[in-house]
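Chemist: fold the stuff below for me.
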Amino acid sequence: MPSFKIDTSTAVVFVATAPTPKLANAKTGERAMDRETGAALSTVGLLVSDEGEGNLYQVTVPETGYPEGLTPGMPVRVTGLKARDWENTFNGEKRHGISFRAIAITPMA
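Modeler: Numbering: from 1, shown residues only. A predicted model of the protein is given here:
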């Protein structure tokens, strides 16, 4: 599926929730891994405020793409943020949404 770049160059971005491990299988606890690099993936909640509007996004990022110590309220810069639509069938019910992925999240100096 195609993905779309998201321009955050004019936005103010804050950590809303600290990184948590992304699971490939919640029952077994198997960790989700990046298919290209093999890096373990995490999910970080980000508050993105731009043009008078704020939105909360759950963003997947490889563990190699952020430093330890990201905490709620910390201003950050997001590199390579993309959105991708998805659809699947779960228990006979179709579900769909948008997932967000970033290459890196770095604290503002």
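
Chemist: kindly provide the distance from the closest residue to residue 11 other than its chain neighbours to residue 41.
Modeler: In this structure, residue 11 finds its nearest non-sequential neighbour in residue 50, 3.8 Å apart by CB to CB, 6 or more residues apart in numbering. (Glycine included, C-beta is placed from N, CA and C.) Look at residue 50 and residue 41: by CB to CB, to the nearest Å, they are 25 Å apart.

Chemist: cool, residue 63 as well?
Modeler: From residue 63 to residue 41 the distance is 7 Å (CB to CB).

Chemist: higher neighbour count, those two?
Modeler: residue 41 (21 against 16; other CB atoms under 10 Å).

Chemist: now name the helix or strand holding that one.
Modeler: Assessed by DSSP states H and E, residue 41 sits inside strand 41-50.

Chemist: can you map out the strands along this structure?
Modeler: Using DSSP state E, the strands of the chain run over 3-5, 12-21, 23-25, 30-31, 41-50, 53-62, 75-79, 82-90, 93-101, 104-107.

Chemist: hang on, the earlier thing: what pairs with the strand holding residue 41, parallel or antiparallel?
Modeler: strand 12-21 (antiparallel), strand 53-62 (antiparallel) (DSSP bridges).
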